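# Dropping a prediction and its sequence here:
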Amino acid sequence: MNRKYTTQLRSMKNITHLILLFVFTSSSGFAQKKPVAYVNPFVGTGGHGHTFPGAVLPFGMVQLSPDTRVDGSWDGCSGYHHSDTIVYGFSHTHLSGTGCSDWGDILLMPTPGIPPSDNKSYASGFSHSTEKASPGFYEVQLKKGNIKVELTVTPRVGIHRYTFSKSGEYGLVVDLAHRDKTLEASIRVRDSVTVVGHRTSEAWAKKQHIYFAMRFSKPVKVMKGINSKEQTKDNNYKGDPRGMTFTYNAEAGESILVKVGISSVSMRGALNNLEAEAKHWEFETYKKEAEEIWNKQLSKIEVESRDAEKLNVFYTSLYHCCIHPSLNMDVDKQYRGRDEKIHTAESFTNYSVFSLWDTYRALHPLFSIIERKRSSDFINSFLVQYQQAGRLPVWELSSNETDCMIGFHSVSVIADAMVKGIRGFDTLAVYNAMKAAASYTGFGIPQFNKQGYLQIDDQSESVSKSLEYAYDNWCVAQVAGLLKEEGDKKMFLKRSLAYYNLFDVTTGNMRPRKNGGWLSPFLPNEINNHFTEGNSWQYSFYVPHDLTGLIKLHGSEAKFEAKLDELFQTKQKTAGREQADVTGLIGQYAHGNEPSHHMAYLYNYVGKPQKTIDRVKWICNNFYKNSTDGLIGNEDCGQMSAWYVLSAMGMYPVCPGSTQYVLSEPIFNSAKVNLENGKTFSIKANPDANKAVTAISVNGTKKMESFINFSTILSGAELQFYNEDLSTGSNNFGVAATNRPTSQVSEVSVIPAPLISSGKRVFKDTTQVSISMINLPVQLISVYTMDGKDPDALAKVYTKMITVDSTGVIKARI
């Protein structure tokens, strides 16, 4: 871990990427390039970032990128790793920053001479010095044959240009068996320049369908079908087709173009996409259009700085935020649903790739600001998935539910959008889908709803699931409140207080429970199967919706602050199993994985915003770099970068589903957010002053609050930060209770489950059992049964230690 940390802070040089020369003059008078010039798509392609450098449009269906990994290794999840020097080809779908391997569909590889059909033979060496990448464009020189490969895209079409240095015969491999297990495939030559086909594959998504239509700029000769047993007269391939090889002649300096449309629906859909979006053969025009689309997308947020590295990091982060979710619909609005049937999207755009355990935290709250219409489309995509499969998405990929990660965080995305005024979907139908998610019959949800928490006897990762289910129920309660469903609201709010059953006041940590009592021995730094990709330290502050209650359980604001300090300052190392996701450690805070992402902002809730500012600024400056290993952990479909984008502007959504954004301090002098309603939310600061933030102002009115409301953003207000040298004097910014962000469940209360402790669970003669109460301000009565029945008002009252001399079940209730 220390070695990884050191590597993260080392600067990587000689990273080549395309620089655009457009400039504009900022309001402060210095020249600044357009946003695309600052994007470095190679960021995160080294280390454990798991990004890819290839061509993609904002939220596009095609991600056309080089493939340097075929083994599905963890650091090869995107298909590319910057440490590699062999490229196998260029496929049309790639995932950005995931921790599981998938996609890499429809791989093309140009070769010198007659092409071989196995990937070890057609692969080529390459040098990173010949690579160039910018938004919507990628280039590399293949050592084998000295072929220059250039890639660009439209939303549904990948466009290749291969340029040859010598005259001669060249080949092209189309490999349908690349990476994933191919369940079924077909390929057919329609004419001398058109090829169509499909493959159904299995990997993370258990059954992914992809169809393609390919068109060449000059006629090609069919050589053979890869792994095919029989070729028919009309150039169909039967048996077990896994691709096809072609040859063509080229003059020195000549280029051949290949356009590839894809679809999840049909070959006809892929051909329609190709013909609608790629009507001409001017590669530079496609490249320029992609560049302009990205400039428009990235200009939704304009930041100013004289530090080019900060601009590189910011706009690369914003770029990474806009890759997923991905378009999942043809030009005729048809798409393949979760039921594997073909549907037509009515009045919305359908999307796929919902990494919700990651992205509900910051990416979707960022979208609620800059992608409000698209957020409505995301929720409509959720809704049709519920209608087709009976469940809202958890981690959906290619119309498959992977059931990866925990929680049902689609409800967080919905609640956050709705409290911020986003509509354009059937709110009642969406609410019913949310209720169905909260009462799903798997993953321990029924036990959670009955008991109010999970024990390790109920489920693996029981602490993490309990805490995340609690937050998700709070999100459902927010929508219930909007819809005036007061009975439902109270029920879901009660469930949201599940953390009371897991907080151990003696350690100040969330602790697993087993057989009615605490799990012993207990080490808060141990990574084990009671927590999701982490340990108790990384989950003990996960009560984003009721921090007031959590602070009270700690005993005082001072004790809570001290516990936060300990989190960041402890010398404890992680123990237990090896967990590759737990990176970017500051004490036991792990910025390389999502459960920690809100924690630096929690100081604001105890009136210490300067500590938040110091922590956030350090993370921004040290864990985000303009280098191949410039990400401290997996990009995770935009979440890692969304944390930076929001934090760099001085704010963060600690509790999605709330309208509050908690403040730190911007790292830029100026930022402008160009909203869909035509207004501009502007931010001004003086981050280089190295002085404390002492106040903010909204439209010129000074305030001492360490948070802002979403309405301030949406109204197009001007937010300004004020700094002073406080070597003498005190700072009242964010100190008073009324100037702090709020996070409290006050409408309901909960009585935690009693603690049942026994000397031995398995015994020879007798054992002693005690019943005690936890996290209650007053003593109440405990009643219990010894026959396994649920205790009622007539059950025995607990007054002293129970002696047990035979096998049985004790149940207790407060």
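Cool, the structure landed.

# low-confidence ranges in the stretch 501-650 of the chain?
For the stretch 501-650 of the chain, no stretch has pLDDT under 70.

# And the strands in it?
Listed from the start of the chain, the stretch 501-650 of the chain has strands (DSSP state E, counting those that start in this stretch) covering 503-504, 509-510, 513-514, 517-518, 526-527, 575-576, 585-586, 589-590.

# hey, where'd the helices end up in the stretch 1-150 of the chain?
2-9, 119-122 (DSSP state H, counting those that start in this stretch).

# what's the neighbour count on residue 708?
When neighbours are counted by other C-beta atoms under 10 Å, residue 708 registers 23. Just so you know, the C-beta spots here come from the backbone N, C-alpha and C atoms, and that holds for glycine as well.

# Once you drop chain neighbours, what's closest to it?
residue 661 (5.5 Å; C-beta to C-beta, 6 or more residues apart in numbering).

# Where does that neighbour sit: helix, strand or coil?
Following DSSP: H, G, I helix; E, B strand; the rest coil, we place residue 661 in the strand state.

# Quick check, it in contact with residue 653.
Yes - here residue 661 reaches residue 653: they are 5.6 Å apart, a contact under C-beta atoms under 8 Å.

# quick one on the thing from earlier: from residue 252, how far out is the residue nearest to residue 708?
58 Å (C-beta to C-beta, to the nearest Å).

# for the nearest residue to residue 681 once chain neighbours are set aside, phi and psi?
Residue nearest to residue 681 in three dimensions, not counting chain neighbours: residue 673, with 4.3 Å by C-beta to C-beta, 6+ apart. Note on residue 673: backbone dihedrals following degrees, to the nearest 10 are phi -110, psi 110.

# In PDB, list the C-alpha atoms belonging to the longest helix anywhere in the chain.
With secondary structure taken from DSSP state H, the chain has its longest helix at helix 462-482. Extracted in PDB, the C-alpha atoms of helix 462-482 (Å, rounded to 0.1, in the frame of the first residue of the first chain):
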ATOM      1  CA  SER A 462     -23.900  -7.200   7.000                       C
ATOM      2  CA  VAL A 463     -22.700  -3.900   8.400                       C
ATOM      3  CA  SER A 464     -22.300  -2.200   5.000                       C
ATOM      4  CA  LYS A 465     -25.700  -3.500   3.800                       C
ATOM      5  CA  SER A 466     -27.500  -2.400   6.900                       C
ATOM      6  CA  LEU A 467     -26.000   1.100   6.700                       C
ATOM      7  CA  GLU A 468     -26.700   1.500   3.000                       C
ATOM      8  CA  TYR A 469     -30.200   0.000   3.200                       C
ATOM      9  CA  ALA A 470     -30.800   2.600   5.900                       C
ATOM     10  CA  TYR A 471     -29.800   5.500   3.700                       C
ATOM     11  CA  ASP A 472     -31.700   4.100   0.700                       C
ATOM     12  CA  ASN A 473     -34.900   3.900   2.900                       C
ATOM     13  CA  TRP A 474     -34.300   7.500   3.800                       C
ATOM     14  CA  CYS A 475     -34.300   8.400   0.100                       C
ATOM     15  CA  VAL A 476     -37.600   6.600  -0.400                       C
ATOM     16  CA  ALA A 477     -39.000   8.600   2.500                       C
ATOM     17  CA  GLN A 478     -38.000  11.800   0.800                       C
ATOM     18  CA  VAL A 479     -40.100  11.000  -2.200                       C
ATOM     19  CA  ALA A 480     -42.900   9.700   0.000                       C
ATOM     20  CA  GLY A 481     -42.900  13.100   1.600                       C
ATOM     21  CA  LEU A 482     -43.100  14.900  -1.800                       C
END
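
# what helices or strands is that helix leaning on?
Judged by 3 or more C-beta pairs under 8 Å, 6 or more residues apart in numbering; DSSP states H and E, helix 462-482 is in contact with helix 410-419, helix 427-438, helix 445-451, helix 486-495.

# can you pull the buried residues of the longest one?
It refers to helix 427-438. Within helix 427-438, the residues that count as buried by 16 or more other C-beta atoms under 10 Å are 430-431, 433-435, 437-438.

# still on that earlier bit, for beta bridges, what are the partners of the residue nearest to residue 681?
Beta-bridge pairing for residue 673 (DSSP bridges): residue 301, residue 681.

# Sketch out the low-pLDDT regions of the stretch 101-250 of the chain for me.
Using pLDDT under 70, the stretch 101-250 of the chain drops low at 228-240.

# Go again with 80.
Low-confidence regions of the stretch 101-250 of the chain, defined by pLDDT under 80, span residues 224-241.

# What are the boundaries of the strands in it?
Using DSSP E, counting those that start in this stretch, strands in the stretch 101-250 of the chain cover 107-112, 124-125, 132-134, 137-142, 147-153, 157-164, 168-175, 181-191, 194-202, 208-216, 221-225, 230-231, 237-238, 243-250.

# Excluding covalently adjacent residues, which one is nearest to residue 331?
residue 276 (4.5 Å).

# repeat for residue 529
Nearest to residue 529 is residue 460, by C-beta to C-beta, 6+ apart, at 4.8 Å.

# Let's verify the one you found: helix, strand, or coil?
coil.

# gap between the closest residue to residue 400 other than its chain neighbours and residue 73?
Spatial nearest neighbour of residue 400, chain neighbours left out: residue 205 (3.8 Å); criterion: C-beta to C-beta, 6+ apart. Counting by C-beta to C-beta, the separation of residue 205 from residue 73 is 18 Å.

# what's the answer for residue 604, then?
The gap separating residue 604 from residue 73 is 40 Å, by C-beta to C-beta.

# same deal with residue 90?
From residue 90 across to residue 73, the span is 19 Å (C-beta to C-beta).

# These two: which has the busier surroundings?
Between residue 90 and residue 73, residue 90 has the larger neighbour count (other C-beta under 10 Å), namely 26 against 10.

# from memory that one sits against residue 152, does it?
No - using C-beta under 8 Å, residue 90 makes no contact with residue 152, being 11.6 Å away.

# any shared contact partners between the two?
residue 64 (C-beta atoms under 8 Å, 6 or more residues apart in numbering).

# Stretch 798-810: end-to-end distance?
For stretch 798-810, the separation between the terminal residues is 12 Å (C-alpha to C-alpha, to the nearest Å).

# now that stretch: mean pLDDT?
In this model, stretch 798-810 has a mean pLDDT of 93.

# In that stretch, which residues are buried?
798, 802, 804, 810.

# ok now it, how far from the chain's centre?
48 Å (C-alpha atoms, centre = their mean, to the nearest Å).

# How many residues are close by the residue nearest to residue 400?
Neighbour count for residue 205, taken as other C-beta under 10 Å: 21.

# Then residue 709?
17.

# and the residue nearest to it when sequence neighbours are not counted, what does it touch?
With C-beta to C-beta, 6+ apart as the criterion, residue 709 has its nearest non-adjacent residue at 5.3 Å, and that residue is residue 659. By C-beta under 8 Å, 6+ apart, the residues touching residue 659 are 419-420, 709-711.

# ok, now residue 422?
Going by C-beta under 8 Å, 6+ apart, residue 422 touches 368, 372, 375-376, 379.

# Using neighbour counts, give me the buried entries of those.
Among the contacts of residue 422, those classed as buried by 16+ other C-beta under 10 Å are 368, 372, 375-376, 379.
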